[in-house]
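Colleague: Pasting the sequence and the predicted model now:
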Amino acid sequence: MPRETAQETSKETPRHTPQVVITDTKAMDFEEVRRGRVHMIRRKRLPLESGVPGVTMEYSLSVVPDGYFTPRHRHNFDQIRYTLSGIQSTGLGDLAAGECGYFPEGSHYGPQKQEGQCECLVLQFQGASGEHLLSNEEMNATYERLLKSGGKFENGVYKGFKPDGTPKNKDSYEAIWEEHEGRDLVFPEPRYRQPVMMLANNYRFWPDRKRPGVEVKHLGTFSEARTGIGFLRLTPGAAIKAGDQDDAELRFLLEGSFDYDGKTWGEGTYMFLPNGADVTDLRSHQGATFFVITLPMLADLAAIRGKAGARHPVLDRATGHAGH
């Protein structure tokens, strides 16, 4: 099967229009994630631009090593995990291959005690509260600054010092976030009592009444942001017709192959379809199954930006970070 460059963009899309991005993840290199956890995650960062200044989203294909550990904790952002291989520890029931977890802002989970290696997709993004998610670059720079100040990171905990010289211990992410933002991290009130673990293999594919030969397995829609998680399957010979992309969509090809923009793409291909993109026909001769995340929040934010008097909690938070 022919494979082209690691990343392609739709050539006929005008510059002012968001472009579909296709990436062959097998051609990408791993990077190590250091920041105070026990053992290091390796990951491939998948291209994902929100299109909204100050709104950060990070999507990665990650390998979690045996022995990886984090204490019980929570986030001020939303996270989605899908296990590709192995078994992923969460502290609330492990996620086997083909299973998916939604970890909402404010909800505790852990401790994570990884036994054996696992490979997974991980999306981190601003939740409905709008609290700022630090970008990878912001995280790394602040991490180094804290190390230079005399503190150290051990077992998922930052061990630093208060102004009076007394010890100060904090969760690694909390310490980095507070140092970067210059204020205490106040967690959003949880919308869910705990993260949602989805046994995806027990769901069924339903035919899409509007697209012949296309089937959808919808796992759930979450929070005010209406974040969607599920699968998209094309039967052999089926196609998804060209058109304007309504909501941003992340697709990762699990099985099969497809043709797009004159090229054939195989398993491990990632597609980012931004809201407003001009999408061409996608066809599959042998059939194709994608893991899919939809992000209606991005189209909502794009529609409201610049409107006099219009307000949105995520934009209100993002405004203060747009120039960072």
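Modeller: It's in.
Colleague: From residue 292, how far out is the residue nearest in space to the middle of the chain?
Modeller: The centroid of the chain falls nearest to residue 123 when counting by CA atoms, centre = their mean (1.4 Å). From residue 123 across to residue 292, the span is 11 Å (CB to CB, to the nearest Å). In this view, the C-beta of every residue, glycine as well, is placed from N, C-alpha and C.
Colleague: Overlap of the contact sets of those two?
Modeller: Counting by CB atoms under 8 Å, 6 or more residues apart in numbering, the residues touching both residue 123 and residue 292 are residue 250.
Colleague: So residue 253 sits against residue 288, correct?
Modeller: Yes - here residue 253 lies in contact with residue 288, judged by CB atoms under 8 Å, at a distance of 6.2 Å.
Colleague: Between these two, which is the more surrounded one?
Modeller: The residue with more neighbours, out of residue 253 and residue 288, is residue 288; 27 against 23, by other CB atoms under 10 Å.
Colleague: tell me, how many neighbours does the residue lying closest to residue 96 once chain neighbours are set aside end up with?
Modeller: In space, and not counting its chain neighbours, residue 96 is closest to residue 87: 5.2 Å by CB to CB, 6 or more residues apart in numbering. Neighbourhood size, residue 87 [other CB under 10 Å]: 16.
Colleague: next one: stretch 210-227 to chain centre, how far?
Modeller: Computed by CA atoms, centre = their mean, to the nearest Å, the chain-centroid distance of stretch 210-227 equals 17 Å.
Colleague: who touches that stretch?
Modeller: Contact partners of stretch 210-227, identified using CB under 8 Å, 6+ apart, comprise 78, 80, 100, 102, 104, 127-128, 191, 196, 198, 200, 203-208, 228-235, 237-241, 293-297, 300.
Colleague: could you redo the last one with a cut-off of 6 Å?
Modeller: 102, 128, 191, 198, 200, 203, 205-208, 228-231, 233-235, 238, 296-297 (CB atoms under 6 Å, 6 or more residues apart in numbering).
Colleague: same thing with stretch 167-183?
Modeller: By CB under 6 Å, 6+ apart, stretch 167-183 touches 35-36, 73, 134, 138-139, 142-143, 146, 153, 156-162, 185.
Colleague: returning to what we had before: check contacts around the residue nearest to residue 96.
Modeller: Listed by CB under 6 Å, 6+ apart, the contact set of residue 87 reads 94, 96, 118.
Colleague: could these be laid out in JSON lines, adding secondary structure?
Modeller: Listed next are the contacts of residue 87 as JSON lines, based on DSSP: H, G, I helix; E, B strand; the rest coil:
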{"residue": "94", "secondary structure": "coil"}
{"residue": "96", "secondary structure": "strand"}
{"residue": "118", "secondary structure": "strand"}
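Colleague: Write the ChimeraX selection for whichever of those residues are buried.
Modeller: Command for ChimeraX that selects the buried part of the contacts of residue 87, burial taken from 16 or more other CB atoms under 10 Å:
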select :94,118
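Colleague: Identify, from the contacts of residue 87, the entry nearest to residue 63.
Modeller: Closest approach between the contacts of residue 87 and residue 63, by CB to CB: residue 118, at 7.5 Å.
Colleague: any idea how far the helix or strand containing residue 153 is from the chain center?
Modeller: Using DSSP states H and E, residue 153 falls within strand 152-154. Relative to its chain's centre, strand 152-154 lies at 26 Å (CA atoms, centre = their mean).
Colleague: Now do the buried residues in it.
Modeller: Neighbour counts over strand 152-154 (16+ other CB under 10 Å) mark residue 153 as buried.
Colleague: try stretch 209-218
Modeller: 213-215, 217.
Colleague: bridging residues for residue 290?
Modeller: Beta-bridge partners of residue 290, counted by DSSP bridges, are residue 232, residue 253.
Colleague: what separates it from residue 113, distance-wise?
Modeller: 31 Å.
Colleague: Mind checking which of those two has more residues around it?
Modeller: Taking neighbours as other CB under 10 Å, residue 290 and residue 113 compare with residue 290 leading, 22 against 14.
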